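J.: Give me a model of this one.
(one chain, ligands or ions: 1)
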Amino acid sequence: MAPPEEESSGLKETMDSDPDTRPISTIVIIIAMRTEALPLVNKFQLKEDLNPVFPIGVPWVRYCGTYKDLNISIIWPGKDANLGVDSVGTISASLVTYASVLALQPDLIINAGTAGGFKVKGASIGDIFLASDVAFHDRRIPIPVFDLYGVGLREAFPTPNLLKTLNLKVGKLSTGDSLDTSTQDEASINSNDATIKDMEGAAVAYVADLLKVPAIFVKAVSDIVDGDKPTGMEFLQNLLAVTAALDQAVMEVVNFINGRCLSEL
Ligand code: SAH
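T.: Numbers count the residues shown, from 1 in each chain. As a prediction, this is how the structure comes out:
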């Protein structure tokens, strides 16, 4: 006997709205720096959202549009209102991730950006990594269980097929709010077994986990942390070239995602 009308349409609705079984349709890409974001905005031909979904007065910027079958938003936390520099770091990254998920209900979050790499773990300038795990290295709370809370280890959404298809390296990402690396940070990064370090990833992962949105982390190595050059100078020297490699990789990742559901990534 055929199931009653209501029941069958209810089931269909559930299946259609389940991102595991329908193609991904909405992606939010969180990018900390304008220099990293703008070339991608142009490649995807996105436009700045003039009816912002964010509270009035915040510097957060959303570039949006459709690319192939996808609604794409690139979110940049904007310039610090007082100092005029990019709002890098975990606080801005958490806030924009939270606000973007609430406003846009994405199927997937991509956190893209530059990162420092450790040559002892096999990283070189220009390498593109997909992080397998993310954790913090500057939240030391030496009390049982709080210590684990501080480290905040989270796994990225697994994408075995994407990895098989694209030429990306895999490594663990460690996040902290400093560009330089203190000896204490270094010890924590080692215990996180990280190959790359940034200033946003684990914060984006925290919010994604909180709101149950899958997240992946695409990071391009802009400087070698265990090398002989000062990080700030090396970062600035390599930023443009590395950003081009990052944008190319994000484009390839998005092309792979297009037409697939989460379980096919
Ligand atoms: N001097 C830069 C400051 C950028 S802060 C400027 O002029 O704008 C560094 C940004 O790049 C952050 O978003 C961070 O995620 C990433 N990053 C690159 N290399 C890093 C490293 N070695 N350690 C931490 N973050 C790094």
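J.: Mind checking what secondary structure Asp177 has?
T.: Following DSSP: H, G, I helix; E, B strand; the rest coil, Asp177 is assigned to coil.
J.: and the helix or strand harbouring Val250, which residues are buried?
T.: Assessed by DSSP states H and E, Val250 sits inside helix 231-257. Applying a neighbour-count criterion of 16 or more other CB atoms under 10 Å, the buried positions in helix 231-257 are 231, 234-235, 238-239, 242-243, 245-247, 249-250, 252-254, 256-257. Where C-beta positions appear, they are placed from N, C-alpha and C, glycine not excepted.
J.: Which ones among those also lie next to the ligand?
T.: The overlap between the buried residues of helix 231-257 and the neighbourhood of the ligand (criterion: CB under 6 Å from any ligand atom) consists of Thr231, Phe235.
J.: what angle do the host helix or strand of Val134 and helix 231-257 make?
T.: With secondary structure defined by DSSP H and E, Val134 is part of strand 128-136. Orientation note: strand 128-136 sits at an angle of 110 degrees relative to helix 231-257 (axes from the mean of the first three to the mean of the last three CA atoms, to 10 degrees).
J.: Please save the CA atoms from strand 128-136 in CSV.
T.: Output in CSV follows, covering the C-alpha atoms of strand 128-136 (Å, rounded to 0.1, in the frame of the first residue of the first chain):
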residue,chain,number,x,y,z
ILE,A,128,48.9,24.5,-0.2
PHE,A,129,47.7,22.5,2.8
LEU,A,130,44.3,21.1,3.6
ALA,A,131,44.3,20.9,7.4
SER,A,132,43.3,17.5,8.8
ASP,A,133,42.9,18.8,12.4
VAL,A,134,43.0,22.2,14.0
ALA,A,135,43.9,23.3,17.6
PHE,A,136,45.1,26.3,19.6
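J.: For that strand, what does the pLDDT average out to?
T.: For strand 128-136, the mean pLDDT works out to 98.
J.: Is the ligand within reach of that strand?
T.: No. In this structure, strand 128-136 remains apart from the ligand according to CB under 6 Å from any ligand atom; the gap is never smaller than 11.7 Å.
J.: Within its sheet, name the partner strands of that strand and how each one runs.
T.: When sheet partners are counted by DSSP bridges, strand 128-136 sits next to strand 154-155 (antiparallel), strand 169-175 (parallel), strand 215-224 (antiparallel).
J.: Point out the most buried one among those strands.
T.: With neighbours taken as mean count of other CB atoms under 10 Å, the strands paired with strand 128-136 reach their highest mean count in strand 215-224, at a mean of 26.
J.: How far does it sit from its chain's centre?
T.: Using CA atoms, centre = their mean, to the nearest Å, the distance from the centre of strand 215-224 to the centre of the chain it belongs to is 9 Å.
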